[in-house]
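Give me the fold of what follows.
(4 chains)
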2 protein chains.
Amino acid sequence: MSSQAEENYLKTIFKLSGKQRKSVSTNAIADELQTKASSVSDMLKKLAEKNLVNYIKYQGVTLTKPGVSIAIHIVRKHRLWEVFLVNSLHFKWDEVHEIAEQLEHIKSPELVARLDVFLNHPNYDPHGDPIPNEKGEFPITSAVPLNQLKVHSKGKVVAVDLDEPSFLNYLDKLNVSIGTLIEIIELNDFDNSIDILINSTKRHISTDVAKNILISLL
Amino acid sequence: MSSQAEENYLKTIFKLSGKQRKSVSTNAIADELQTKASSVSDMLKKLAEKNLVNYIKYQGVTLTKPGVSIAIHIVRKHRLWEVFLVNSLHFKWDEVHEIAEQLEHIKSPELVARLDVFLNHPNYDPHGDPIPNEKGEFPITSAVPLNQLKVHSKGKVVAVDLDEPSFLNYLDKLNVSIGTLIEIIELNDFDNSIDILINSTKRHISTDVAKNILISLL
DNA sequence: AAATAAATTTAGTTATGCCTAAATATTAAT
DNA sequence: ATTAATATTTAGGCATAACTAAATTTATTT
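Numbers count the residues shown, from 1 in each chain, chains lettered A, B, ... in the order given. Model prediction:
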């Protein structure tokens, strides 16, 4: 049985290693978890002991098969709970992350299964992030970050890549939500900012914002 | 902020001290929490430090005002989650206690408030136990343990006082649930067992069972 | 009232998960 | 290829919350 701390480390390593499952550095983990590198070292040793990570001193970590499995199931729980919080309890999409961080650690496979049924087997959470199924398989998504699109291309917002309330609130102000249609009007080479059209309103956004908005091209 | 361990102690002291708020012994707490008396001593000292209990060495503990308040809010969360698990996720009443033990520690007043609305402000949980409101006030209930009734009295089951799956399963087998009509046919002085009528079927139950079934007289 | 039994507390350990400061590896710069 | 800078680990502590064993207090017998 994994503790909450262990689960958070596994989840973080999963997130930072990306689809390519590349090795993650101690400092990157410490940064993400707002803790010290020395604490991370301690934990990595423990997780390696439990065969949940492959850890080579000074060379970073990767998750093992069982490590990946646990991480994905935490992600599944997190996202299912977010759907519940938004769809059933009518929280706003910027209010649910913190609460889901707690709920994701509740241990009961039966609960997850029933929650999934109750919510009608959702494939995406309120931020458009894919929800893995019981087997750990993700629904396929072909989305591109908004900052990688060419001028004049049109697309639909399918997801956002950041959970921070400040970011989500900013999107609300821009009238951007999941499903919103966006057209690229102009790319500004100087600062890589972008001019876009949202519901026939012209907006100007930074790359930092654009790279966290995922688009499905039309 | 209280830790989960602290919350469990407060909840246990609240439960064991009863409506009269009488002093609770170290061993009684250790027994209930399946831990050692020495561990309880340690924790009581800590809770006293935090002003959550009145603790006199060798003389037991009582909860302070803030201690009672925390305990009641844990009970509120526990019971609201049980309603959710049974009414929304269709768990059986004997399956929800363990999961609610975890959910009760989720920290978010907003979540509790919205859950309460979602469930339609329930006054009783699936076991018939009263759910305190946000202010900590319990709905008034006039229920008597089945083993205290006189011969020939009739009443309705309004609650059960034990959450153990084995007990609840036994009640299922007897066809006893919240709302069931019961008539006392005979009291047996020898072992204090009771003959009762449930849906025109005669049943024989022990005092240990009877005292955990709460009746509202007709 | 003294002696025994029972309940409770204290002292000393342990595991988890974090910390700071110091030591050691790795990477980058000259 | 040294040296300097950065990253990472080790060593030594701390708080929480549990434990065992020993000491102490309270309750019960005789």
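
residues in chain A within reach of DNA strand C, list them.
Residues of chain A lying near DNA strand C by CB under 7 Å from any atom of the strand: A:3-6, A:35-36, A:38-39, A:42-43, A:46, A:57-59. The C-beta positions use only the backbone N, C-alpha and C, and glycine is treated the same way.

any idea how far A:Asp208 is from A:Leu174?
Using CB to CB, to the nearest Å, A:Asp208 is found at 14 Å from A:Leu174.

hang on, the earlier thing: narrow the residues of chain A next to DNA strand C to just the buried residues.
Buried by 16 or more other CB atoms under 10 Å in any protein chain shown: A:6, A:43, A:46, out of the residues of chain A next to DNA strand C.

Pull the contacting residues for the spatially most central residue of chain A.
What sits nearest the mean C-alpha location of chain A, by CA atoms, centre = their mean, is A:Asp161, with 5.5 Å. Contact partners of A:Asp161, counting by CB atoms under 8 Å, 6 or more residues apart in numbering or on different chains, are A:145, A:211-214.

Could you do A:Val144 as well?
Here A:Val144 is in contact with A:155, A:214-217 (CB under 8 Å, 6+ apart).

and those residues as a markdown table, adding neighbour count?
Formatted as a markdown table, the contacts of A:Val144 follow (neighbours: other CB atoms under 10 Å in any protein chain shown):
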| residue | neighbour count |
| --- | --- |
| A:Gly155 | 20 |
| A:Leu214 | 22 |
| A:Ile215 | 25 |
| A:Ser216 | 14 |
| A:Leu217 | 12 |
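
Out of the buried ones among the residues of chain A next to DNA strand C, which is nearest to A:Ile178?
Ranked by distance to A:Ile178 (CB to CB), those are led by A:Glu6 at 32.0 Å.

Assumed the closest one was part of a helix.
Yes: counting by DSSP: H, G, I helix; E, B strand; the rest coil, A:Glu6 is part of a helix.

My guess is it contacts A:Ala48. True?
No: the criterion here is CB atoms under 8 Å, and A:Glu6 misses it with A:Ala48 at 11.7 Å.

Contact residues of chain A facing DNA strand D?
So far as CB under 7 Å from any atom of the strand goes, chain A lies against DNA strand D at A:25-28, A:37-38, A:40-42, A:44-45, A:55, A:57-58, A:60.

Show only the entries of the residues you listed found in strands.
Per DSSP state E, strands hold the following members of the residues of chain A next to DNA strand D: A:Tyr55.

now for the residues of chain A next to DNA strand D, which pair is the farthest apart?
Farthest pair in the residues of chain A next to DNA strand D, by CB to CB: A:Ala28 and A:Lys45, 17.1 Å.

When these two are compared, which one has more neighbours?
Higher neighbour count among A:Ala28 and A:Lys45: A:Ala28, with 18 against 12, using other CB atoms under 10 Å in any protein chain shown.

confidence score at the more buried one?
The model reports A:Ala28 with a pLDDT of 98.

Roughly how far does it sit from chain B?
With distances taken as CB to the nearest CB, to the nearest Å, A:Ala28 is found 28 Å from chain B.

One more: A:Arg76?
Distance, A:Arg76 to chain B, using CB to the nearest CB: 16 Å.

quick one: buried residues of stretch A:174-192?
A:174, A:176, A:178, A:180, A:182-184.

Just flag the most distant two among these.
Spatially, the most separated pair among these is A:Ile178 and A:Ile184, at 18.7 Å (CB to CB).

coming back round to it: turn the buried residues of stretch A:174-192 into TSV, including secondary structure, pLDDT and distance to chain B.
Listed next are the buried residues of stretch A:174-192 as TSV, based on DSSP: H, G, I helix; E, B strand; the rest coil; pLDDT from 0 to 100; distance: CB to the nearest CB, whole Å:
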residue	secondary structure	pLDDT	distance to chain B
A:Leu174	helix	94	25
A:Val176	coil	93	24
A:Ile178	coil	91	21
A:Thr180	coil	93	26
A:Ile182	strand	95	32
A:Glu183	strand	94	37
A:Ile184	strand	95	38
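
which among those gets closest to B:Trp81?
A:Ile178 (28.7 Å).

what's near enough to touch that closest one?
A:124, A:126-128, A:157-160.

How about A:Ile215?
A:143-146, A:149, A:155-158, A:182.

how about a cut-off of 7 Å?
A:143-144, A:146, A:149, A:155-158, A:182 (CB atoms under 7 Å, 6 or more residues apart in numbering or on different chains).

same question, A:Asn87
Contacts of A:Asn87 (CB under 7 Å, 6+ apart): A:Leu119.

Double-check that it belongs to a helix.
Yes: counting by three-state DSSP, A:Asn87 is found in a helix.

Averaged pLDDT, stretch A:207-218. What do you get?
pLDDT averaged over stretch A:207-218 gives 91.

From one end of it to the other, what's the distance?
21 Å (CA to CA, to the nearest Å).

now that stretch, how far from the centre of its chain.
Put simply, stretch A:207-218 sits 14 Å off its chain's centre (CA atoms, centre = their mean, to the nearest Å).

Output stretch A:32-45 as CSV, nothing but the C-alphas.
Extracted in CSV, the C-alpha atoms of stretch A:32-45 (Å, rounded to 0.1, in the frame of the first residue of the first chain):
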residue,chain,number,x,y,z
GLU,A,32,7.1,20.7,-8.7
LEU,A,33,6.4,19.4,-5.2
GLN,A,34,7.6,22.6,-3.5
THR,A,35,10.0,20.6,-1.4
LYS,A,36,13.8,20.2,-1.0
ALA,A,37,16.1,18.1,-3.3
SER,A,38,17.3,16.2,-0.2
SER,A,39,13.8,15.2,0.6
VAL,A,40,13.3,14.0,-2.9
SER,A,41,16.5,11.9,-2.7
ASP,A,42,15.2,10.2,0.4
MET,A,43,11.9,9.4,-1.2
LEU,A,44,13.4,8.1,-4.5
LYS,A,45,15.5,5.7,-2.5
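
Contacts made by that stretch with the rest, please.
Contact with stretch A:32-45 is made by A:8-9, A:12, A:16, A:26-27, A:29-30, A:53, A:55, A:61, as judged by CB under 7 Å, 6+ apart.

tell me which residues of the helix ranked longest in chain A are tucked away?
Counting residues, the longest helix in chain A under DSSP state H turns out to be helix A:65-83. By neighbour count on 16+ other CB under 10 Å, the buried set for helix A:65-83 is A:67-68, A:70-83.

Counting by contacts, list what it packs against.
helix A:4-17, helix A:97-103, helix A:109-118 (3 or more CB pairs under 7 Å, 6 or more residues apart in numbering or on different chains; DSSP states H and E).

which ones are touching the closest residue to DNA strand C within chain A?
The minimum distance from chain A to DNA strand C, using CB to the nearest atom of the strand, falls at A:Ser3 (2.9 Å). Going by CB under 7 Å, 6+ apart, A:Ser3 touches no other residue.
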